[in-house]
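**Student:** output the structure for:
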Amino acid sequence: MALTQRLEFRQSQSLVMTPQLMQAIKLLQLSNLDLTTFVEEELERNPLLERANDEPPAGEAPAETGQFNDSDGGHNDEPGGGPGEAFEPGQEEWLSKDLGTRAEIEQTMDTGLDNVFSEEPAEAAARNAQDAAPTTYTEWGGGASGDEAYNLEAFVAAETTLGDHLAEQLSVAFTGAAQRMIGQYLIDLVDEAGYLPPDLGQAAERLGASQQDVENVLAVLQKFDPPGVCARNLSECLAIQLRELDRYDPAMQALVEHLDLLAKRDVGALRKLCGVDDEDIADMIGEIRRLNPKPGMKFGSARLQTMVPDVYVRPGPDGGWHVELNSDTLPRVLVNQTYYSQLSKKIGKDGDKSYFTDALQNATWLVRALDQRARTILKVATEIVRQQDGFFTHGVAHLRPLNLKAVADAIQMHESTVSRVTANKYMATNRGTFELKYFFTASIASADGGEAHSAEAVRHHIKQLIDSEAPSAILSDDTIVERLRGSGIDIARRTVAKYREAMRIPSSVQRRRDKQSALGNVLSTAMSDRSRSTVPA
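**Tutor:** This is a model prediction of the structure:
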């Protein structure tokens, strides 16, 4: 086989993911808080980026004009000169000279600086006034301040966590180092609800202590505030609180040890186990309900972030819907072309030129990417409103089945782009604030062959049926399926059970017990009130 050389031309297509393209895709799925953080980092990194509202305050000279100018400060009408008097060349040269350290200056002058540059009386009085403690409310920061950077959150006390609260009590409860070490180890295992892991067998091995020492420290920890903390299960948590209230008698102990029967509303079995009558078991159940099953939740709870909508949907004057972006969530940045043009004339090094050229390119890209992101969000939100017009007009029952492909085909974009746009974005409507992904629901076939129904609308229909059921006629899942098919919704029983469990609605047996128990309490209360109001003849 002979080896020969030849030229060939081939035409091919390839998708190249540049760093800027990857960041542009990343911007689409960022929430408004994450986007603000990203833009703040870019503002610190890129000298050619600036905020759109970054303007010097009125009456304040720009930073570039802060240099001394002989022509401006060379004339002064006051006799004897003053602060505005021009410096002589000798004086300016003396100011630019390095005088050395304090010790070198004192050695040169053969005396201390305090003897040469003594404070004037006015300066000493001003220094004493600065060192003095504030005497008025406004000096402490309680009054109004004209500074725009004045932050009231700087004066808010730090939130006390559950671990800190328990550690403070631990330092008082124990004096021995070994006991404090065991107690701190157990406190570190407490979760946000105030519970310890059920098995503490490894604690003694890791600490090199006996199991009895761990149990003794745990017994003291369980007496800490809040009552019920450091329990290993719900029964122990309730028992600790009942002991604190001096209500942990044998009958209550039997009730606490059989919480599974209480969850099933099996009052008859509980009454037999506790050995009490109907009135006493009702009072005992009421006491259990007044206890706190999660005592640690009031400490160190996660701070809730306010949900800021990205899009507003308002009724239009023509009967339609007006969709607009929330301008408060959109960062406004500009490219400082003036600064770049001034620098380009003075930069001489090739490395500096390439740095500022890249900075200009990145700044221009970021401004365009933010604008493209805003346009894409508005386009997707407008199409969602058009597709789900029935929801905005009539409510959840008229929510249509919708998927990403339908929206992507309508606005001529890819499904992945629509998926990124709808992530972590919220829409404020006349029916509340919803995540954009809320409007994308699966479809359920119609029983009569008509238009399919949205899964969210079917869930809403199931909830309405259960809420309107009578205590004497509880609807089973099979009955709900028949009711839905009568309304034109073809759905299986297991799907009804799945939707019901997702909405945390108990089964028909549990609902019958709950509603009959509630009805019995109402009737007993009414009978007791009637007996009290009856006056004997």
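**Student:** count of neighbours near the nearest residue to residue 335 once chain neighbours are set aside?
**Tutor:** Leaving aside its sequence neighbours, residue 335 sits nearest to residue 363 (Cβ to Cβ, 6 or more residues apart in numbering; 4.6 Å). Yep, even glycine has a C-beta here, placed from its N, CA and C like the rest. By other Cβ atoms under 10 Å, 23 other residues sit near residue 363.
**Student:** what sits against the closest residue to residue 480 other than its chain neighbours?
**Tutor:** Leaving aside its chain neighbours, residue 480 sits nearest to residue 496 (5.2 Å; criterion: Cβ to Cβ, 6+ apart). With contact set as Cβ atoms under 8 Å, 6 or more residues apart in numbering, residue 496 has these partners: 462, 477, 480, 481, 484.
**Student:** mind telling me what element the third one is part of?
**Tutor:** Translated: residue 480. In the assignment (DSSP states H and E), residue 480 maps to helix 477-486.
**Student:** output that helix as CSV, nothing but the C-alphas.
**Tutor:** C-alpha atoms of helix 477-486 as CSV (Å, rounded to 0.1, in the frame of the first residue of the first chain):
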residue,chain,number,x,y,z
ASP,A,477,-61.4,5.8,48.0
ASP,A,478,-63.7,3.6,45.9
THR,A,479,-66.6,6.0,46.4
ILE,A,480,-64.4,9.0,45.5
VAL,A,481,-63.4,7.2,42.3
GLU,A,482,-67.1,6.8,41.4
ARG,A,483,-67.9,10.4,42.2
LEU,A,484,-65.0,11.6,40.0
ARG,A,485,-66.0,9.4,37.1
GLY,A,486,-69.5,10.9,37.4
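**Student:** heading C-terminal from it, find the next helix or strand.
**Tutor:** helix 493-502.
**Student:** report the rounded mean pLDDT for that next one.
**Tutor:** Averaging pLDDT along helix 493-502 gives 89.
**Student:** in stretch 346-359, what counts as buried?
**Tutor:** Going by neighbour count (16 or more other Cβ atoms under 10 Å), the buried part of stretch 346-359 is 356, 359.
**Student:** scan the contacts of residue 496 and report the most crowded one.
**Tutor:** residue 462 (24 neighbours).
**Student:** please tell me how far it sits from residue 514.
**Tutor:** 18 Å (Cβ to Cβ, to the nearest Å).
**Student:** repeat for residue 374
**Tutor:** Taking Cβ to Cβ, one finds residue 374 at 49 Å from residue 514.
**Student:** can you check residue 377 too?
**Tutor:** From residue 377 to residue 514 the distance is 44 Å (Cβ to Cβ).
**Student:** same question for residue 277.
**Tutor:** Relative to residue 514, and taking Cβ to Cβ, residue 277 is found at 22 Å.
**Student:** same thing with residue 231?
**Tutor:** For residue 231, the distance to residue 514 (Cβ to Cβ) stands at 27 Å.
**Student:** and residue 441, by the same measure?
**Tutor:** Residue 441 is 30 Å from residue 514, by Cβ to Cβ.
**Student:** when these two are compared, which one has more neighbours?
**Tutor:** residue 441 (20 against 14).
**Student:** now that one: which helix or strand?
**Tutor:** With DSSP H and E as criterion, residue 441 is part of no helix or strand.
**Student:** how far away from the center of its chain is the longest helix seen in the chain?
**Tutor:** Secondary structure of the chain per DSSP state H: the longest helix is helix 350-387. Its chain's C-alpha centre and that of helix 350-387 lie 26 Å apart, by Cα atoms, centre = their mean, to the nearest Å.
**Student:** which other helices and strands contact that helix?
**Tutor:** Helices and strands touching helix 350-387, as assessed by 3 or more Cβ pairs under 8 Å, 6 or more residues apart in numbering; DSSP states H and E, comprise helix 19-28, helix 32-45, strand 311-315, strand 321-325, strand 333-335, helix 337-346, helix 404-411, helix 415-422.
**Student:** looking at the ones you listed, which is buried most?
**Tutor:** helix 415-422 (a mean of 19; mean count of other Cβ atoms under 10 Å).
**Student:** other SSEs contacting that one?
**Tutor:** When contacts are defined as 3+ Cβ pairs under 8 Å, 6+ apart, helix 415-422 packs onto helix 19-28, helix 350-387, helix 404-411.
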